[in-house]
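Asks: here you go, sequence then predicted model.
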Amino acid sequence: MSKVYLVGAGPGDARLITCRGREVLESASCVLYDHLVSQSLLDLAPPEAERIYVGKKRALHAYTQEEICAMLIDRARHGGRVVRLKGGDPFIFGRGGEEAEALFDAGIPFEVVPGVTTPLGIAAYTGVPLTHREHTSVVTFVTGHDVAQIDWERVGGADTLVLFMGLTNFAGIAAEIVRRGRSPETPAMVVRWATLPSQQTLTGTLATLSDLIRGANLKPPATIVIGDVVRLREKLNWFERLPLFGKRMAVTRARGQADALSAKLSELGAETVEVPTIEILPAEDYGPLDRSIESLPEYDWLVFTSANGVRFFLDRLRKSRFDLRAIRGRICAIGPATGAAIEALHLKVDLTGREFVAEGLLEAFAAHDVAGKRILLPRAAVARDILPTTLRDRGALVDVVTAYRTVSPEDAAERIRIAFDGSRKPHWVLFTSSSTVENFVRAAGAATLAGVKVAVIGPVTASTARRHGIAIDAAAEVFTAGGLIDAILRS
């Protein structure tokens, strides 16, 4: 028999899950998850883990509560680590108490992992503290499903009142509260998709908020906060003031290599959707690279034009009879990301161009006499030839060997279709290489970008985009992920 973990997923932003919650998910054998749980949290579970959707929407339940409890017990009895992943906190209107009772009665060991409950997420991400020494010393959480079942005389006068699931009934709730003496001018706020870049906030009063909700056609899920603390939002609303808040950004980098760029965009308030249009694969034939490694001590220069080149070169070096001590020549990196990959090996970079393209490297090499020098260039299977050609013209002996290749992912067209369809179409698409542009156009056509702003990492990528009739809205002046974001912020 295994153990069941009742885990709070937090209010929406996957980064707000607790360290313990992440730890449990990463070793789960089965995850039963709710409607509002982020896909990125599900991705933390091992690929082989069973994932079962047990979410509940208004009047639409995938399973009854009794069926969910029965599944938890059944999966636990079959062994493994069972995770019940719930939005917010399991014990705040999450029915975690009922599930824990069912597990206890069945003799199943369990652990409760708390999460950031939605009101706390709302408080932090809207700038409305639920408590404040000058405004409130009492906070009341109440569910608004059934207006008639609540003693509004007792709870309606709380300094700060938080309504879960009260959106559709708010007009009736507000009327009940005002009827019992609360001023209709009491500040009130409703928040949908709290803590996410799509967060939607409406502020008004008990008298006006219902009309605002109706006018905005706001739908569940949403949470309502009532009380004087709502006034503090004007000062403390940091999240919605982030420069890219509400912007949806499509990142076309390869899987596993978009994380750093996506994280930087998220920190600026953007919603990122990863639409990889390239896939990085090993070379089809490693004979030339392996033979070059056998002659590694004879090279005067090693030139790396991407972090991928460093990674795949190192992998082949590990499989050879040599190690890093065989490198006798100086090392050249096209830019800071490539340089960081080299320096992670405790190697120094001897040469980098001022501009992080082949032309920049050639300019840097101008100060060095390369005539008769042996240069090894491990790179992608398909790449521009200006670098090796010019170095050969200067008398160098250049060996260009394939370290890896890029292809278009099989699911690129479908991912693009989903990401660029309907009202959720991205505001921006970010192209980080010519290959990302070429593969995007091949998979979906340039017309897919109608109404979407385009950002490119450098002049080579920009040239490729323009060749396909794609207008450029932002081009990095420094050809890095940071430079690309700076260009977007300037536009």
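Replies: Cool, got the structure.
Asks: only C-alpha atoms for contact and neighbour calcs from this point on.
Replies: OK.
Asks: now do the helix or strand hosting residue 31: everything it contacts.
Replies: If you go by DSSP states H and E, residue 31 is part of strand 30-33. With contacts defined as Cα atoms under 8 Å, 6 or more residues apart in numbering, strand 30-33 is touched by 25, 42, 45, 49-55, 75, 80-86.
Asks: run the last query once more with 6 Å
Replies: 49, 50, 51, 52, 53, 54, 82, 83, 84, 85 (Cα atoms under 6 Å, 6 or more residues apart in numbering).
Asks: and stretch 285-297, by the same measure?
Replies: So stretch 285-297 is in contact with 326, 327, 328, 401, going by Cα under 6 Å, 6+ apart.
Asks: is it true that the last one touches residue 380?
Replies: Spelled out, it's residue 401. No - using Cα atoms under 6 Å, residue 401 is not in contact with residue 380; the gap is 8.3 Å.
Asks: related to what we said a few turns ago, just the buried members of the contacts of strand 30-33?
Replies: Neighbour-count burial (16 or more other Cα atoms under 10 Å) applied to these gives 49, 51, 54, 82, 83, 84, 85.
Asks: a markdown table for those residues, including distance to residue 38, secondary structure and pLDDT?
Replies: As requested, the buried ones among the contacts of strand 30-33 are arranged in a markdown table below (distance: Cα to Cα, whole Å; DSSP: H, G, I helix; E, B strand; the rest coil; pLDDT from 0 to 100):
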| residue | distance to residue 38 | secondary structure | pLDDT |
| --- | --- | --- | --- |
| 49 | 16 | coil | 96 |
| 51 | 13 | strand | 96 |
| 54 | 14 | coil | 93 |
| 82 | 18 | strand | 97 |
| 83 | 15 | strand | 97 |
| 84 | 14 | strand | 97 |
| 85 | 10 | strand | 97 |
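Asks: just those residues now: which is nearest residue 339?
Replies: residue 49 (37.2 Å; Cα to Cα).
Asks: now the closest one. Its backbone dihedrals?
Replies: phi -70, psi 140 (degrees, to the nearest 10).
Asks: quick revisit: paired strands for the strand holding residue 31, with orientation please.
Replies: As defined by DSSP bridges, the strand partners of strand 30-33 come to strand 50-53 (parallel), strand 81-86 (parallel).
Asks: what element comes up after that strand heading to the C-terminus?
Replies: That would be, after strand 30-33 and using DSSP H and E, helix 39-42.
Asks: got the buried residues for that following helix?
Replies: Result for helix 39-42 [16+ other Cα under 10 Å]: buried residues 41, 42.
Asks: now it: average pLDDT?
Replies: For helix 39-42, mean pLDDT rounds to 92.
Asks: and that helix, how far out from the chain's middle?
Replies: The chain centroid and the centroid of helix 39-42 are separated by 10 Å under Cα atoms, centre = their mean, to the nearest Å.
Asks: now the residue sitting furthest away from the middle of the chain. Nearest residue, chain neighbours left out?
Replies: Farthest-out residue of the chain from its mean C-alpha position, per Cα atoms, centre = their mean: residue 372, at 48.1 Å. Setting aside the residues directly before and after it, residue 372 is nearest to residue 396 in space (Cα to Cα, 6 or more residues apart in numbering), at 5.1 Å.
Asks: the one you found - how many residues pack around it?
Replies: Residues near residue 396, counting by other Cα atoms under 10 Å, number 19.
Asks: per-residue confidence for the closest residue in space to residue 199 that isn't next to it in sequence?
Replies: Spatial nearest neighbour of residue 199, excluding adjacent residues (Cα to Cα, 6+ apart): residue 193 at 4.7 Å. If you check residue 193, the pLDDT there is 94.
Asks: distance-wise, check residue 193 relative to residue 149.
Replies: For residue 193, the distance to residue 149 (Cα to Cα, to the nearest Å) stands at 27 Å.
Asks: who's more crowded, the two?
Replies: Comparing residue 193 with residue 149 by neighbour count (other Cα under 10 Å), the higher total belongs to residue 193, at 20 against 9.
Asks: hang on, the earlier thing: so can I have TSV of the buried ones among the contacts of strand 30-33 showing distance to residue 135?
Replies: Shown next, in TSV, are these (distance: Cα to Cα, whole Å):
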residue	distance to residue 135
49	47
51	44
54	40
82	43
83	40
84	37
85	35
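Asks: of those, just say which sits nearest to residue 6.
Replies: residue 84 (4.8 Å).
Asks: the closest one touches residue 4, doesn't it?
Replies: No - under the criterion of Cα under 6 Å, residue 84 makes no contact with residue 4, lying 7.2 Å away.
Asks: now do the domain split for the chain, please.
Replies: 3-116, 120-241, 248-278+409-490, 281-407 (automatic domain parsing).
Asks: for the closest residue in space to residue 431 that isn't next to it in sequence, what are phi and psi?
Replies: Excluding its sequence neighbours, the residue lying closest to residue 431 (Cα to Cα, 6+ apart) is residue 456, at 4.9 Å. The phi/psi pair for residue 456 (degrees, to the nearest 10) reads phi -130, psi 150.
Asks: what's near enough to touch residue 456?
Replies: Residue 456 touches 431, 462, 475, counting by Cα under 6 Å, 6+ apart.
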